[in-house]
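>>> I'll drop the sequence and a predicted model, then ask my questions.
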Amino acid sequence: MENLLAIATQFEISEKITAVKPLGEGLINDTYKVLVEGNTEPRYVLQHINNAIFQNVDMLQDNIEKVTNHIRKKLIAKGMNDIDRHVLRFIKTKDGKNFYFDGNKYWRVMVFVSDSVTYQAVTPEYSYIAGKSFGEFEAMLSDLNEPLGEIIPDFHNIEFRLKQLRDAVTDDRVGREKEVRYYIDEIEKRAEKMTLGERLFREGKLPKRICHCDTKVNNMLFDKEGNVLCVIDLDTVMPSFVFSDYGDFLRSAANTAAEDEPDLSKIDFNMEIFKAFTKGYLEGTKDFLLPIERENLSYAAMLFPYMQAVRFLADYINGDTYYKIRYPEHNLVRTKAQWRLFECAEAKEAEMRKFI
């Protein structure tokens, strides 16, 4: 166990630190609350940065610093009060860095946002709020001129994901290709349609924006009255198409069943969630969204279940080397579930276009 107290004292914290205790159950980063003298509530958050996933910690923290500084300036210009509750503030180390390396692990400290809560529920109400909040997050960053690095290269690049699948099919390491030939063929039938975004980008018609790239209801902090305070979990913030923030939210939120539901009859694309999120997103992005981005949002809603099916299928063919599995056919079950979700979204494409 690391000496967490010693790590916390490497940062520019003027108060006397009294304790460092676990906070929440982060899936990627280990997180701790930092208590200081005279306070019963946490004052800071200490977080271990998982550099197995985010391998370029310098780039990661530089991205976050540029984004939070830009948002902070916008909020100050608006006359916002209590700004530390509306944008994350990170504390520098005593030698002026935005992370600390203890010789083994990387660490960062941010100010704790008091009296805040997160929600897991995906309802039309919260979907509308999420759409508006993530849209406004993109809007605030639409004029950020400082370059951001691509922290996970090709994260949402469908051409790259299709290449991974085709390589897996060619290698067929564990002899599973024949078993899943139906899904390979169905994916290939739609490949040209689903690589539209990358083609539009090469033609200079579709821009890359600063996007969150992990849009979930629980990546927002709310106050006790249910108002959004700020967007959190900024590790994946990087240049991408707006399709990333829009489509990735709907992939999980509009699914009427779990990502790995074996009973395909339970899976559908929930149009009430779609409409609520879309309404909020279009309100939040109205000042910058281009017509070509807006008119292809229905494509984005289909793209993300398609892409996830491609990724699960490639991993299954490769012998389950990337995603953790609970049983031998888990990745195949995931593939079928995501493909069913894609088909349901595809069947509602005209309805989605009409609503948008």
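Yep, that arrived. Please read all numbers here as calculations on a predicted model, not as lab measurements.
>>> Show me the helices in the stretch 151-300 of the chain, by range?
Taking DSSP state H, counting those that start in this stretch as the test, the helices found in the stretch 151-300 of the chain are 158-171, 181-189, 191-194, 196-202, 242-253, 271-284, 291-295, 297-317.
>>> Give the other helices and strands that the third one contacts.
Helices and strands in packing contact with helix 191-194 are listed as helix 297-317; criterion 3 or more C-beta pairs under 8 Å, 6 or more residues apart in numbering; DSSP states H and E. Yep, even glycine has a C-beta here, placed from its N, CA and C like the rest.
>>> Nearest to Cys213, out of the helices of the stretch 151-300 of the chain?
Of all the helices of the stretch 151-300 of the chain, helix 242-253 sits nearest to Cys213, with 5.1 Å by C-beta to C-beta.
>>> Now that closest one: buried residues?
Val242, Phe243, Ser244, Asp245, Tyr246, Gly247, Asp248, Phe249, Leu250, Arg251, Ser252, Ala253 (16 or more other C-beta atoms under 10 Å).
>>> and if you look at stretch 307-322?
For stretch 307-322, by 16+ other C-beta under 10 Å, it's 307-318, 320.
>>> Which members of those residues are the farthest-apart pair?
Top of the distance list for the buried residues of stretch 307-322 (C-beta to C-beta): Met307 and Asp320, 18.5 Å.
>>> Could you check how many residues crowd around Arg209?
For Arg209, the count of nearby residues is 22 (other C-beta atoms under 10 Å).
>>> typed the wrong thing, it's Asn69
Using other C-beta under 10 Å, Asn69 is surrounded by 15 other residues.
>>> go on, Glu136?
If we define neighbours as other C-beta under 10 Å, then Glu136 has 18 of them.
>>> Apart from its neighbours in sequence, what residue is nearest it?
Gly284 (4.2 Å; C-beta to C-beta, 6 or more residues apart in numbering).
>>> I'd say the one you found and Ala139 touch.
Yes: between Gly284 and Ala139 a contact is recorded at 6.1 Å, counting by C-beta atoms under 8 Å.
>>> more crowded one of the two?
Gly284 (21 against 17).
>>> mind listing what that one touches?
Contacts for Gly284 (C-beta atoms under 8 Å, 6 or more residues apart in numbering) come out as Gly131, Lys132, Ser133, Phe134, Gly135, Glu136, Phe137, Glu138, Ala139.
>>> Next one, pLDDT for the residue lying farthest from the centre of the chain please.
The outermost residue of the chain relative to its centre, with distances by C-alpha atoms, centre = their mean, is Gly38 at 36.2 Å. Note on Gly38: pLDDT of 85.
>>> ditto for the one 5 residues further on
Among the per-residue scores, Arg43 shows a pLDDT of 91.
>>> and the closest residue in space to it that isn't next to it in sequence, how many neighbours does it have?
Ranked by C-beta to C-beta, 6+ apart and with sequence neighbours excluded, the top spatial neighbour of Arg43 is Val36, at 4.6 Å. Look at Val36: counted by other C-beta under 10 Å, it has 17 neighbours.
>>> close enough to count as contact, Val36 and Val20?
No: the pair Val36 / Val20 is not scored as a contact, 10.4 Å apart, by C-beta under 8 Å.
>>> Which neighbours do these two have in common?
Joint contacts of Val36 and Val20 (C-beta under 8 Å, 6+ apart) do not exist.
>>> The residue most central in space within the chain - nearest residue in space that isn't next to it in sequence?
Centroid check for the chain by C-alpha atoms, centre = their mean gives Asp214 as the closest residue, at 0.7 Å. Leaving out its chain neighbours, the residue that sits closest to Asp214 by C-beta to C-beta, 6+ apart is Thr236, at 4.5 Å.
>>> swap in Tyr44?
Excluding the flanking residues, the one nearest Tyr44 by C-beta to C-beta, 6+ apart is Val34, at 3.9 Å.
>>> right, and that neighbour touches Ile17 too?
Yes: contact criterion C-beta under 8 Å: Val34 and Ile17 qualify, at 6.0 Å.
>>> More neighbours: which of those two?
Val34 (29 against 19).
>>> how distant is the strand or helix carrying that one from the center of its chain?
In the assignment (DSSP states H and E), Val34 maps to strand 31-36. How far strand 31-36 lies from its chain's middle: 25 Å, per C-alpha atoms, centre = their mean, to the nearest Å.
>>> what sits up against it?
Here strand 31-36 has contacts from 4, 8, 13, 15-24, 42-48, 109, 112, using C-beta under 8 Å, 6+ apart.
>>> Skip ahead from it and say which helix or strand is next.
Counting by DSSP H and E, what follows strand 31-36 is strand 44-49.
>>> Can you get me the centre-to-centre distance for that following strand and its chain?
Put simply, strand 44-49 sits 19 Å off its chain's centre (C-alpha atoms, centre = their mean).
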